[in-house]
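>>> Test case, fold it:
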Amino acid sequence: MGIRRPIAGHQLVVGVFSSFGIHQRRAFTIALFDRGQEACCGRRTLFQLIWRVRDAPMAVAPALSGRTLSDIRTPPGIKARAGKLLARPLFWTALVGVAVSVAVSLAARHLRPPALRTLGSVPDFHLLDQRSLAFGTEQLRGKVWVAGFIFTRCPTVCPKLTRCMGELQAQTQGFGQRFHMVSFTVDPEGDTPSVLSEYAKKYGANQRTWSFLTGTTDDVRRTVVSGMKIAMGREGPRDNPNSIFHGTKLALIDSRMAIRGYYECENDAEKQQLVSDIAHLVHGE
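Reported below is the predicted structural model:
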């Protein structure tokens, strides 16, 4: 689309073209003219700031049938006022500032990550941590936190899950007290606070930001299965660690105890997404 109503007296055309995002393109145009002119320009795939002053061909030249600005008669009064305006450095500084500000604002709007869904809520729970101290929703409320599910006798997946939590601890240490990690045992009869304490030390857990929780079997099952929607149970004799089964995904919970996502720790893309979503929640949605 070109100029819809070209008139005399045009000294300057300024176009700002931008496209944002992968799946969707957007174009934004700023045009500065003298009285009455309206313009729009075609899409561009790169951010450009194009100045056309006086005799330079217009960016929408096809609409003018090959004419340049010099072909249009300019009244002396308008020409003098425009010349004074263009001679002022403050004018160009302000113009470029406005153009960049608008482009950045549009980019931020289109690149903003989608809102996380709410998948449920965690009910109040009261358990014990690796220091034998009471720990539950009261200590977690107001913080973003991630829950993992392990047991210390696990010979298969649990060491991998705990190492994954250790990597997460390193990646999120900049969030301080706004973020916490919790490992729930799914074998509360065997994993006492002292056993969990030794396990936490083995994996370099910072007890200020990473808690290992246990309690009665009923309390743990109520929290994990009913609250977090994670499977746990036993199929076989108690002395056989292979008889214990449990879910392996990490759960992300916001400061209001709402579950916002589940992530497979052995999937690199999901681990990166988890870190991104934690930052999104910590810094405010």
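>>> Low-confidence ranges, this protein, go.
Under the criterion pLDDT under 70, the flagged ranges of the chain are 1-86, 90-114, 285.
>>> mind listing the helices for it?
Remark: helices assigned in the chain by DSSP state H are 76-86, 89-111, 137-140, 157-171, 193-202, 217-221, 268-282.
>>> what's the third one in contact with?
What that stands for is helix 137-140. Defining contact as Cβ atoms under 8 Å, 6 or more residues apart in numbering, one finds that helix 137-140 is touched by 122-126, 180, 182, 211, 253, 257. For the C-beta atoms, the positions are set from N, CA and C on the backbone; glycine is no exception.
>>> Buried subset of those residues as a ChimeraX selection?
To isolate the buried members of these in ChimeraX, using 16 or more other Cβ atoms under 10 Å:
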select :122,125,180,182,211,253,257
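>>> Of the contacts of helix 137-140, which is the nearest to residue 245?
Proximity of these to residue 245, judged by Cβ to Cβ, is greatest for residue 182, which lies at 20.0 Å.
>>> Mind listing the residues bridging to that closest one?
Beta-bridge partners recorded for residue 182 (DSSP bridges): residue 147, residue 211.
>>> please begin residue numbering at 45 from this point
That works, and once the first residue is 45, the last one we named lands at residue 226.
>>> What residues does it make contact with?
By Cβ under 8 Å, 6+ apart, residue 226 lies in contact with 184, 189-192, 254-257.
>>> any idea how far it lies from residue 282?
Residue 226 sits 25 Å away from residue 282, going by Cβ to Cβ, to the nearest Å.
>>> before we move on, what about residue 288?
The value you get for residue 288 to residue 282, if Cβ to Cβ is used, is 9 Å.
>>> again with residue 202
Using Cβ to Cβ, we find residue 202 at a distance of 17 Å from residue 282.
>>> And residue 173, by the same measure?
Separation of residue 173 from residue 282 (Cβ to Cβ): 24 Å.
>>> Have a look at the two and say which one is more surrounded.
residue 173 (23 against 11; other Cβ atoms under 10 Å).
>>> Now the more buried one. Nearest residue, chain neighbours left out?
Nearest non-adjacent residue to residue 173, counting by Cβ to Cβ, 6 or more residues apart in numbering: residue 179, 4.1 Å away.
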